[in-house]
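1. turn this into a model:
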Amino acid sequence: MCVSLPVPEALAMTIAPFTLHTRVSDALAEKPALRTLLPAFHPAFERLNHPVLGRVLPKLVTIESAARVAGVDAESLLAVFNLQGPPAAAGVPAALPAAARRDDPEPPWARGAPVERLDVSPLIQQGQEPFGAVMTALRGLKPGAVLALSAPFEPAPLVDLLGRRGWLAWVRWEGEVCVTSFWRAPEGHGGAVDPGAPDADTARLGQARLRAGVLDVRGLPPPEPLRLILWALDQGTPLTVLHHREPALLFPQLEARGLVWTMTKHEDHIQLQIHAP
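-> Below you'll find the predicted structure:
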């Protein structure tokens, strides 16, 4: 459960360029001083200065999700993001009261269910995207079994994504390790975890980002880029994709469809040209 934190007067009198839906990586790019200010607000944000986690985490979460990961009040955190001026003038106390980390009570479905474990911490430490490993584990999970996912932070975007597909989650902390257990009713087990499966939300987002055969998926969290690209390919080829990183999970999908591609790396993104042979 999150605890509301008092917002200092210096936080209240600010212009608000960011919202709860702003991606943390975008906010850091616009205001680098946040890497100093946020750890002063709450120790959980020391991870922003980690050589690997500092690159991976901001791309995965919005400000609202970051509040869940750290266990702090979302509006108070948003106020910190929207502070004006350098950290030295921010007036943020060095030690605000830390909110309790999320620690849900054990749900009935977790009691006595067979458990399969997956620790993605090594992948994250190496700077790799763990989403593919999680999806593979979920696809191989026996009906009625629980996947216990260990990570150095709460995977809030993943909890939200799988929740929309019928998966229940139980979040708890074991020291500095967050263990999130996922379970889906046996009668609903199976293809619903397919990261490429399009839905109405994918179609709406795709229509907004596809212009004249060019699809821009930069800045979207996984698995949205993959789902949008597969949706766009269903609309026809050739297709040009603008992406913030090399989409390793996409290439087997293109091969299965008999498509070919060329990739051009730019300073801040890559460009894929996808077409029939």
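
2. show me what Thr262 is bridged to.
-> Thr262 has the following beta-bridge partners by DSSP bridges: Gln273.

3. what number of residues lie near it?
-> The tally of other residues near Thr262 (other Cβ atoms under 10 Å) stands at 9. Any C-beta I mention is one placed from the backbone N, CA and C, and that applies to glycine too.

4. that one touches Ile270, doesn't it?
-> No: with contact defined as Cβ atoms under 8 Å, Thr262 and Ile270 do not form a contacting pair (10.6 Å).

5. what about the strands in the stretch 151-277 of the chain?
-> With DSSP state E, counting those that start in this stretch as the definition, the stretch 151-277 of the chain shows strands at residue ranges 168-174, 177-183, 210-211, 214-216, 239-243, 260-265, 270-275.

6. quick one: which of those strands is nearest Ser150?
-> strand 177-183 (5.4 Å; Cβ to Cβ).

7. buried set for that closest one?
-> Within strand 177-183, the residues that qualify as buried by neighbour count (16 or more other Cβ atoms under 10 Å) are Cys178, Val179, Thr180, Ser181, Phe182, Trp183.

8. for stretch 212-226, same thing?
-> Of the residues in stretch 212-226, those buried under the neighbour-count criterion (16+ other Cβ under 10 Å) are Leu215, Asp216, Val217, Leu220, Pro221, Pro222, Pro223, Glu224, Pro225, Leu226.

9. on that earlier part again, let me have the strands of the stretch 151-277 of the chain in a markdown table, extended by distance to Leu249 and mean pLDDT.
-> Supplementary listing: the strands of the stretch 151-277 of the chain in a markdown table, determined by distance: least, Cβ to Cβ, whole Å; pLDDT from 0 to 100:
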| stretch | distance to Leu249 | mean pLDDT |
| --- | --- | --- |
| strand 168-174 | 22 | 89 |
| strand 177-183 | 19 | 91 |
| strand 210-211 | 20 | 89 |
| strand 214-216 | 16 | 93 |
| strand 239-243 | 12 | 93 |
| strand 260-265 | 14 | 91 |
| strand 270-275 | 13 | 92 |
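
10. between the ones you listed, which one is nearest to Pro17?
-> Using Cβ to Cβ as the criterion, the shortest distance between Pro17 and the strands of the stretch 151-277 of the chain is 21.7 Å, found for strand 214-216.

11. what's next to that closest one, contact-wise?
-> Contact partners of strand 214-216, identified using Cβ atoms under 8 Å, 6 or more residues apart in numbering, comprise Gly206, Arg209, Leu228, Ile229, Ala232, Leu239, Thr240, Val241, Leu242.

12. just the buried subset of those residues, written out for PyMOL, thanks.
-> PyMOL command restricting the contacts of strand 214-216 to the buried ones, with burial defined by 16+ other Cβ under 10 Å:
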select buried, resi 206+209+228+229+232+239+240+241
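
13. Val61: which of the strands of the stretch 151-277 of the chain is closest?
-> Set against Val61 and scored by Cβ to Cβ, those come closest in strand 177-183, at 13.2 Å.

14. report all helices and strands that that closest one contacts.
-> Taking 3 or more Cβ pairs under 8 Å, 6 or more residues apart in numbering; DSSP states H and E as contact, the helices and strands that strand 177-183 lies on are strand 146-151, helix 156-163, strand 168-174.

15. verify the stated contact: Glu176 with Phe153.
-> No: Glu176 sits out of contact with Phe153 when judged by Cβ under 8 Å, with a separation of 9.6 Å.

16. how about low-confidence regions in the stretch 151-277 of the chain?
-> Applying pLDDT under 70 to the predicted model, the residue ranges of the stretch 151-277 of the chain that meet it are 187-201.

17. next, the buried residues of stretch 254-265.
-> Neighbour counts using 16+ other Cβ under 10 Å place Leu254, Leu259 of stretch 254-265 among the buried residues.
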